[in-house]
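Novice: what's the 3D shape of this:
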Amino acid sequence: MYLSIDTFSDNFGVALFDEEKVYGYREYLKPKPFSEILIVEIDSMFKTLEIDKKNLKGVMVNIGLGSNTGLRVGVITAKTLSYTLNIPIYAYKTLDVMIYKYKYFCGNVIAVINIGKSMVAYKIKDQEHYHIKKFEEFLKILEDFKNSLVISKNLNIENSIKLKTSLALEGGYFCLENKNLENLYLLEPIYHD
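Specialist: Numbers count the residues shown, from 1 in each chain. This is a model prediction of the structure:
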């Protein structure tokens, strides 16, 4: 069984699952700072489901891009669990998992998030790296990708699918599928400028 933590945005989520079953999933629209509720919610989920944390085979965490503070809280929590329970830690990236949710779409898939100061981070399916541009520049680039599926977070883009949930569950399955094992001591969030 695995625990996945996503704190990249105002939707925080945790998921408890394995290859075949979802045992628990909790999601909140940031009622308090993540640092005040994340450990409490994880502990509550284990108690409610009557599952011992010693049954965990690994912990997954979103490393960004996203809210710098939220990412720090999620990564530190995941690293603490990995270290204290002596289990592997896996990492996933926001834009990769946004695209992964729509991996069966046969055309272009573009994931884009608002990173503040009129800037966006975006990634196009099958491209290795993400890009950071001014929002207006991104809209001009988008004109070259007619009939594409666009998934957005905290942006007003016509005809885009608005991400309104956490990526905890999809991120966990993304890690399992891609074997995104990380070094506990070197893992850090991805911060944008």
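
Novice: From now on I want contacts and neighbour counts done on CA atoms only, so please keep to that.
Specialist: OK.

Novice: Could you list the buried residues of the top helix by length along the chain?
Specialist: Of all the segments of type helix in the chain, defined by DSSP state H, the longest one is helix 68-85. Applying a neighbour-count criterion of 16 or more other C-alpha atoms under 10 Å, one finds 68-79, 81-82, 85 buried in helix 68-85.

Novice: now what about the strand or helix carrying L139, what contacts it?
Specialist: For L139, the element it lies in under DSSP states H and E is helix 135-142. Outside of helix 135-142, the residues within contact range by C-alpha atoms under 8 Å, 6 or more residues apart in numbering are S118, M119, V120.

Novice: Which of those residues fall within strands?
Specialist: Judged by DSSP state E, the subset of the contacts of helix 135-142 located in strands is M119, V120.

Novice: Flag the shaky bits of this structure, pLDDT-wise.
Specialist: Scanning the chain for pLDDT under 70 picks out 31-32, 193.

Novice: about what we covered before: hmm, who's touching the helix or strand just after the helix holding L139?
Specialist: Counting by DSSP H and E, the element after helix 135-142 in chain order, helix or strand, is strand 149-153. Strand 149-153 has contacts (C-alpha under 8 Å, 6+ apart) with 98-99, 105, 107-114, 159-164.

Novice: Okay, domains of the chain per the record?
Specialist: Following automatic domain parsing, the chain resolves into domains at 2-94+165-182, 95-162.

Novice: can you list these in JSON lines and add distance to I190?
Specialist: Compiled in JSON lines, the domains of the chain are given as follows (distance: least, C-alpha to C-alpha, whole Å):
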{"stretch": "domain 2-94+165-182", "distance to I190": "5"}
{"stretch": "domain 95-162", "distance to I190": "12"}
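
Novice: out of those domains, which comes closest to E188?
Specialist: E188 lies closest to domain 2-94+165-182 among those, at 7.0 Å (C-alpha to C-alpha).

Novice: just to revisit the earlier point, each with direction, which strands does the following helix or strand past the longest helix of the chain pair with?
Specialist: In the C-terminal direction, the helix or strand that comes right after helix 68-85 (DSSP H and E) is strand 89-92. Strand 89-92 sits in its sheet next to strand 58-62 (parallel), strand 181-182 (antiparallel), going by DSSP bridges.
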